Every structure is written in C-alpha cells, then in structure tokens.
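Asker: predicted model and sequence below, questions to follow.
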Amino acid sequence: MTALRQQSGLLAKRDIQPAAEAFSHRPFPQLGAAGMLGDDAALLPRQNGQLLLACEGMHPGLVEDDPWFAGWSGVLVNLSDIAAMGGRPLALVNSVWSQGPESQAELLAGMRFACDRFAIPMVGGHSNQHSPYRALSVAVLGVAEGPVLSARSARPGDELWMLVNQKGSLYRHYPFWDAATKASSESLCSHLSLLPALASAGIVHAAKDISMGGITGTAAMFAEACGHGLSIDLDLIRRPDQVEETAWLTCFPSFGYLLAVDPSHADRLKRSVRDDPDLICCRIGRFAKGACQVQLERAGESECFWQGSLGLTGFGCAS
C-alpha cells in the first residue's frame, strides 16, 4: 500500500494544485458539472463558425527575468493571433515547467490577470514543478463566425493600413509597446472585438498581427503569405511623439495589426475607429503585382527591405 501511495505518477499530480488555485473551476457555468475543470479535457459550449487554433511559447529570457509579464504576454499574444484572423477567442490552455510552486507563482498570476482583463477563461494545461528551468507556452481556441482574415487574401491594388493602440509606453528594456496592462477590461475587450467586426462588415479582407518582427518584419510575412509585392512609405507611419522611429518599427505593440483594404473601403475603415482616440489608423503602403518583396520608401527614394526569393517563414502563397 505504501508503494502505491508514493508512486511518482500519483504524487506528480500535486503539481496541478497551484493552477487549480489560480483559475476559476467553472469557466462556463451553463455547462453544469461536466463543464468544471479537472476532467481529462475541457468542455466548451457549442459554437457556430470555423475554429481557429494558435499557440505561443514564451522566450526563456523573459520567463526568467519577468515571469509575471511573461504570463500576461502568453495570453495577450494568443488572443491577438485569433483577432488577426477575424475570430473571437473561446478558451486558453497552458503548459508551465518550473522548479516548484514558488517558481511558477508569478507566471500563473500574470496569466490569471490577463484572463480576467480579457474575460477569456483558462480551461486546462500541464504543470511540471520538477524541471531544472522555467518555461511557458500558451494555446488558444477561437471561432470565426464571419469571414476569415487570411493574410493570403491580400490582392494587388489593396492598400496597407496600420491599426495600433498608441496609448501606452515601451516596457522596460524590451521591444514591447505596453498598451494593455493598465488598460480597462472594457477597452481591451472592445479592441479585441474590432477585427471580427471589420471582417464581418467587409471592410478588411486580410490581416496580420504585428508580432515580434515589428511593423517591417510583419510586412515581410504578409508579403510572403500573399505572394505579392508590398511597398511601405515610412513617412506615413504615425507613432507616439516620444517614441523613436526604429523602436516603433521593430516593437510588438500589444494591440497592432496590418490590414489589407480595398481603396473603396478606406473611408468606412476610418469611420469605424474615429471615435476611439487611443487608436492610430493610417494608410502606410500598397500591394502590387510583381515580385514578392517589401520596398521601404521615403521622400521619393526606395530600398528593398526583404526579397521573397530569400524566404522567411517557409509558408508562402497558395499556388
């Protein structure tokens, strides 16, 4: 009996306790007992639409140096990926590796804070408190109830627009524009629902979340995905007054997207965001036929930033 009680596989289940203390056990009360956390998989309400699935692993340096912000960011970046596709997030799961409960406490606290602010439940995951290091990955399931904003849908003749929350500041020494940790839940949820609304209205038909590659790096991924040329006029890119240009072009902006917009819909796009002073919404470039590349322009001069023949992610356009 002692051997049975002390088998490692049983005792390891105690590693789940910190997560059980951090997150609500009833993410979807309408589902009753079967919807409570703790079963082998989480039960989610029935949905109408196409499912979206995304996952992010957090940089080890960030996890060690600022675990709370790593936990927060693990949720934020996943929600941004779902919104970029015109979707609504449903639920999150995580995997946490740590040296013990104290080692993962701040990671869990950051995730819990983000889940509460965005009103999206954490419904499961994996915990290991016997690791020689800390690590975190987070995944999200979402649903697109309207058109899907695939980056491959950008067309020659489309305008490239930038939509970014400018109300924030650069976070510590990291290339993060933090426009979220101090924002209200109402504001965060409203912004998160904006991309699906623009998709449903037919105003935007392709988009990319501005990732850690920044505006220029994300533009290269956009061009690679659609297979068209993309030119960006650097003089058209608006930014907060206190931020240097290179920092703005290369940071992750919390809430930031590149949008492909038919020129005939540009006025509708501007009207849809004009009542929100926190948002920058500006045309910064255009898609064109020809070689897959990104050109950066300024004052009549043009330079190739990225050449499609070099490859980037390896996920190119549909042939």
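Answerer: Happy to help now that I have it.

Asker: my read: residue 305 touches residue 220, true?
Answerer: Yes. Assessed by C-beta atoms under 8 Å, residue 305 is found in contact with residue 220 at 7.1 Å. Yep, even glycine has a C-beta here, placed from its N, CA and C like the rest.

Asker: give me the common contacts of those two.
Answerer: Common neighbours of residue 305 and residue 220 (criterion: C-beta atoms under 8 Å, 6 or more residues apart in numbering): residue 294.

Asker: can you give me the strands in the stretch 1-150 of the chain?
Answerer: With DSSP state E, counting those that start in this stretch as the criterion, the stretch 1-150 of the chain has strands at 50-57, 88-97, 122-128, 135-144.

Asker: tell me what the helix or strand immediately after the last one in the chain is packed against?
Answerer: Of the helices and strands lying after strand 135-144 in sequence (DSSP states H and E), the nearest is strand 159-165. Secondary structure elements in contact with strand 159-165, counted by 3 or more C-beta pairs under 8 Å, 6 or more residues apart in numbering; DSSP states H and E, are helix 214-226, strand 256-261, helix 266-273, strand 279-288.

Asker: next, format the ones you listed as JSON lines and append mean pLDDT, distance to residue 178 and mean neighbour count.
Answerer: Shown next, in JSON lines, are those (pLDDT from 0 to 100; distance: least, C-beta to C-beta, whole Å; neighbours: other C-beta atoms under 10 Å):
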{"stretch": "helix 214-226", "mean pLDDT": "96", "distance to residue 178": "15", "mean neighbour count": "23"}
{"stretch": "strand 256-261", "mean pLDDT": "98", "distance to residue 178": "12", "mean neighbour count": "24"}
{"stretch": "helix 266-273", "mean pLDDT": "97", "distance to residue 178": "21", "mean neighbour count": "15"}
{"stretch": "strand 279-288", "mean pLDDT": "98", "distance to residue 178": "16", "mean neighbour count": "19"}
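
Asker: to residue 241, which of those lies closest?
Answerer: With C-beta to C-beta as the measure, strand 279-288 is the member of these nearest residue 241 (11.9 Å).
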